[in-house]
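S.K.: Predicted structure and sequence below. I'll ask about it afterward.
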2 protein chains.
Amino acid sequence: MLEIDLIRHVKVKGKPALYGCTDVMPNTAENALLLERLVIQQQTNKAYHSIICSPLKRCQLLAKEFSTRCNLALEISVDLHEMNFGCFDGVTFDELYFKATSAKAEQQGDVNTEQYGETELRWSQLEAFLQAPAEIVLPEAEALSDFYQRVKRAWHRLIDQQLKVLTQQRESQAPKRILVVVHGGVIRMILAHILQLDWQQASWHQQLKIGHGSISRIVISKPYQDDQLHQQVTSIAMPFLEDF
Amino acid sequence: MLEIDLIRHVKVKGKPALYGCTDVMPNTAENALLLERLVIQQQTNKAYHSIICSPLKRCQLLAKEFSTRCNLALEISVDLHEMNFGCFDGVTFDELYFKATSAKAEQQGDVNTEQYGETELRWSQLEAFLQAPAEIVLPEAEALSDFYQRVKRAWHRLIDQQLKVLTQQRESQAPKRILVVVHGGVIRMILAHILQLDWQQASWHQQLKIGHGSISRIVISKPYQDDQLHQQVTSIAMPFLEDF
């Protein structure tokens, strides 16, 4: 049996924005706290056997330090990075407003003319995307369907690889526990895939909050036959940084 | 702001079966443990302000004792009981086998003749239902769509009532916390309703495990306007009886 904990990185350094493939740093204090909690848990019967992480710093920093501190194998899975939000990626909401207004000012030599209309356009693009993420593709961004397919492939590879290692190395009945340090969007897509839900629905992305530092748990077993793999979600977004 | 914790009752007394409206007792030791945990939490800043529960004993016993111990208002919501599984409800899987074989034996005067076929029929009804719970209605059972509608109505009533009380009584900004002691099926339906998911899908019922004594949390707020209610799921099936 495999027990896979998907943990979301902590809050990032930076003003409010849509952070996707932008390689922003995690909040230092929160990251240190999360690391300590993981190290403490490692001394219980809930210890992890290995770590997998997204290549982005907000995930990789924690994974590397945890791996070093507890002498755990670490794998960086390039396909587990967050969705690419194109020209909106990493642009703070403040900056988005400023850029829109200064572009207009340069063009027209008048900072006050039609600012509102231009700003509205940018905000409305974002809003349209958030309302219908599967229908709207932001400029130069990854389509939601491509993101889903990428995460699904990465998940299948991860499972195949872990099951292979399990068959080769372990004789015991105790579950192998793996920590996957990733992003909110990636966790939502993995959950939707296992639960066979409609990942295109805006409500799945808006009404389900995957908190920073929260853990979602997947249990994988082969209960009946060797070729039948049973994946079950046993918890979603358990707070791990703070008491619930 | 309202914070509603949906807690599933503990394991029940009785052999493995489909327990729906059958009023089976909860496991005494586990129920006592869950009560102690709730009482301890009540002394923190995560204290509940009131309790609502299903009328069935496996939920009501805990809710009543918690209400008495901590002097909390308790409301029994009749429409929050588990789905009614009709002639399969509360019949242990062992008994199901026995009934099927003895009925056949009486009819034919030969306990060995075609036993297998009759047992298969009963099991196959159950299996068909579990594979397609929205399409198959078990004999004398509640249809999944009726169950969904009942739970949805009960949820809306609960929210309306709590918001009314909130408006009348509370001036502070601290969220009001409510504990709802219910069943796995009821929790799944409430979550599907809020997340606007397809509650007819078998995968939602089979691939998502709502553990005994686990807590799923809903946060309800009115962020922009008075008539706009925002419901968000912030955790699903957090273990509360044991450490995760």
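M.R.: In hand now; what should we look at?

S.K.: buried ones in the helix or strand encompassing A:Ser145?
M.R.: Using DSSP states H and E, A:Ser145 sits within helix A:144-169. Neighbour-count burial for helix A:144-169 flags A:Leu144, A:Phe147, A:Tyr148, A:Arg150, A:Val151, A:Lys152, A:Ala154, A:Trp155, A:Leu158, A:Ile159, A:Gln162, A:Val165 (criterion: 16 or more other Cβ atoms under 10 Å in any protein chain shown). From N, CA and C alone the C-beta is placed, and that goes for glycine too.

S.K.: Over to stretch A:3-22?
M.R.: Quick answer for stretch A:3-22 (16+ other Cβ under 10 Å): A:3-10, A:12, A:17-22.

S.K.: ok, A:Leu38 to chain B distance?
M.R.: Noted for A:Leu38: a distance of 13 Å to chain B, by Cβ to the nearest Cβ, to the nearest Å.

S.K.: The residue nearest to that residue when sequence neighbours are not counted: what's it in contact with?
M.R.: Once flanking residues are discounted, A:Leu38 sits nearest to A:Phe66: 5.3 Å by Cβ to Cβ, 6 or more residues apart in numbering or on different chains. With contacts defined as Cβ atoms under 8 Å, 6 or more residues apart in numbering or on different chains, A:Phe66 is in contact with A:Leu35, A:Leu38, A:Val39, A:Ile51, A:Leu72, A:Leu179.

S.K.: Is A:Phe66 part of a helix or strand, or is it coil?
M.R.: Under the three-state scheme (DSSP: H, G, I helix; E, B strand; the rest coil), A:Phe66 adopts helix.

S.K.: what separates the residue nearest to the spatial centre of chain A from A:Leu126, distance-wise?
M.R.: By Cα atoms, centre = their mean, chain A has its centre lying nearest to A:His183, at 1.3 Å. Distance of A:His183 to A:Leu126, computed by Cβ to Cβ, to the nearest Å: 18 Å.

S.K.: do A:Leu72 as well
M.R.: Distance from A:Leu72 to A:Leu126, by Cβ to Cβ: 39 Å.

S.K.: So A:Leu34 sits against A:Leu241, correct?
M.R.: Yes. Here A:Leu34 reaches A:Leu241: they are 5.8 Å apart, a contact under Cβ atoms under 8 Å.

S.K.: ok, back up a step: among the contacts of A:Phe66, which are in strands?
M.R.: A:Ile51, A:Leu179 (DSSP state E).

S.K.: Which single one of the contacts of A:Phe66 is nearest to A:Arg217?
M.R.: A:Leu179 (10.7 Å; Cβ to Cβ).

S.K.: quick one, what contacts the closest one?
M.R.: Here A:Leu179 is in contact with A:Asp5, A:Ile7, A:Leu38, A:Tyr48, A:Ser50, A:Ile51, A:Ile52, A:Ala63, A:Phe66 (criterion: Cβ under 8 Å, 6+ apart).

S.K.: Tell me the secondary structure of the first one, please.
M.R.: Meaning A:Asp5. Counting by three-state DSSP, the backbone at A:Asp5 sits in strand.

S.K.: A:Ile52 bridge partners, please.
M.R.: Beta bridges link A:Ile52 to A:Glu75, A:Val180, judged by DSSP bridges.

S.K.: Report pLDDT for it.
M.R.: The model reports A:Ile52 with a pLDDT of 98.

S.K.: how near is it to A:Ile7?
M.R.: 11 Å.

S.K.: Quick check: neighbours shared by these two?
M.R.: Common neighbours of A:Ile52 and A:Ile7 (Cβ under 8 Å, 6+ apart) are A:Leu179, A:Val180, A:Val181.

S.K.: For B:Gln201, state which of these is nearest.
M.R.: A:Val180 (25.1 Å).

S.K.: close enough to count as contact, that closest one and A:Asp5?
M.R.: Yes. Applying Cβ under 8 Å as the test, A:Val180 and A:Asp5 come out as touching, 6.8 Å apart.

S.K.: now the helices: where do they sit in chain A?
M.R.: A:28-41, A:57-70, A:93-108, A:115-131, A:144-169, A:184-194, A:202-206 (DSSP state H).

S.K.: Any idea which of the ones you listed has the lowest pLDDT on average?
M.R.: Across the helices of chain A, helix A:93-108 gives the lowest mean pLDDT, at a mean of 64.

S.K.: For the closest residue to A:Asp89 other than its chain neighbours, give its distance to chain B.
M.R.: Spatial nearest neighbour of A:Asp89, chain neighbours left out: A:Gly20 (4.5 Å); criterion: Cβ to Cβ, 6+ apart. To chain B, A:Gly20 is 22 Å away according to Cβ to the nearest Cβ.

S.K.: returning to what we had before: using JSON lines, lay out the buried residues of helix A:144-169 together with distance to chain B.
M.R.: Output for the buried residues of helix A:144-169, formatted as JSON lines (distance: Cβ to the nearest Cβ, whole Å):
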{"residue": "A:Leu144", "distance to chain B": "17"}
{"residue": "A:Phe147", "distance to chain B": "19"}
{"residue": "A:Tyr148", "distance to chain B": "16"}
{"residue": "A:Arg150", "distance to chain B": "22"}
{"residue": "A:Val151", "distance to chain B": "17"}
{"residue": "A:Lys152", "distance to chain B": "15"}
{"residue": "A:Ala154", "distance to chain B": "19"}
{"residue": "A:Trp155", "distance to chain B": "14"}
{"residue": "A:Leu158", "distance to chain B": "18"}
{"residue": "A:Ile159", "distance to chain B": "14"}
{"residue": "A:Gln162", "distance to chain B": "19"}
{"residue": "A:Val165", "distance to chain B": "24"}
